[in-house]
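A.B. asks: Can you look at this prediction? I've put the sequence above it.
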Amino acid sequence: MQFADGDGTGNNADSDYDDSDGIPDANDSCQLAVNPSQTDGNANEMPDSCDIANGASDEDEDARPDACEHAYDDWNLDGVIGAKEFALLLSGCGAAAPTFGDLTGDGVVNAEDLSLLLTHWGAVPY
């Protein structure tokens, strides 16, 4: 049992630890959601767990908002930038307003987008 604040009450029963993640409320950026890593994938100054607790989509239930994963080009939410993302990028070539693949935001999927996708190739670093 942890007694991080020295008050003799275990963290899980301690009012100083509302979410039982082991981080004292005074230092916890989201006191009502378990978030021991305090990860903020979208840099909105709110941990990912709070974003999800406040309604952000987490379809694959990996404690990362889907928008953060999509922003890193992990469009199928599998934690890897690879062949599936490559196929999705190719499917957007020539499409008007493609759903996936226009990484440069210029309205078309082309070699520049492929180049950006390749810079993220491999395991997603979060």
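C.D. replies: Done, it's in.
A.B. asks: and stretch 72-89, how far apart are its ends?
C.D. replies: 14 Å (C-alpha to C-alpha, to the nearest Å).
A.B. asks: Same question for stretch 39-49.
C.D. replies: By C-alpha to C-alpha, one end of stretch 39-49 lies 8 Å from the other end.
A.B. asks: Centre of the chain to it, how far?
C.D. replies: 8 Å (C-alpha atoms, centre = their mean, to the nearest Å).
A.B. asks: what's the answer for stretch 46-60, then?
C.D. replies: 8 Å.
A.B. asks: Need the distance between the two termini of it.
C.D. replies: Termini of stretch 46-60 sit 20 Å apart (C-alpha to C-alpha).
A.B. asks: And the helix or strand of the chain with the lowest mean pLDDT, what's buried?
C.D. replies: Lowest mean confidence among the helices and strands of the chain (mean pLDDT, DSSP states H and E): helix 66-71, at a mean of 80. Going by neighbour count (16 or more other C-beta atoms under 10 Å), the buried part of helix 66-71 is Asp66, Cys68, Glu69. Heads up, the C-betas are built off the backbone N, CA and C, glycines and all.
A.B. asks: Which helix or strand contains the closest residue to the last one other than its chain neighbours?
C.D. replies: So the one you mean is Glu69. What sits nearest to Glu69 in space, not counting adjacent residues and going by C-beta to C-beta, 6 or more residues apart in numbering, is Leu77, at 5.3 Å. Leu77 is part of no helix or strand when elements are defined by DSSP states H and E.
A.B. asks: Contact partners for Leu77?
C.D. replies: Glu59, Asp60, Asp62, Asp66, Glu69, His70 (C-beta atoms under 8 Å, 6 or more residues apart in numbering).
A.B. asks: For the fifth one, give me its contacts.
C.D. replies: Same thing as Glu69. Gly41, Asp60, Leu77, Val124.
A.B. asks: Pick out the residue closest to the middle of the chain.
C.D. replies: Arg64 (3.3 Å; C-alpha atoms, centre = their mean).
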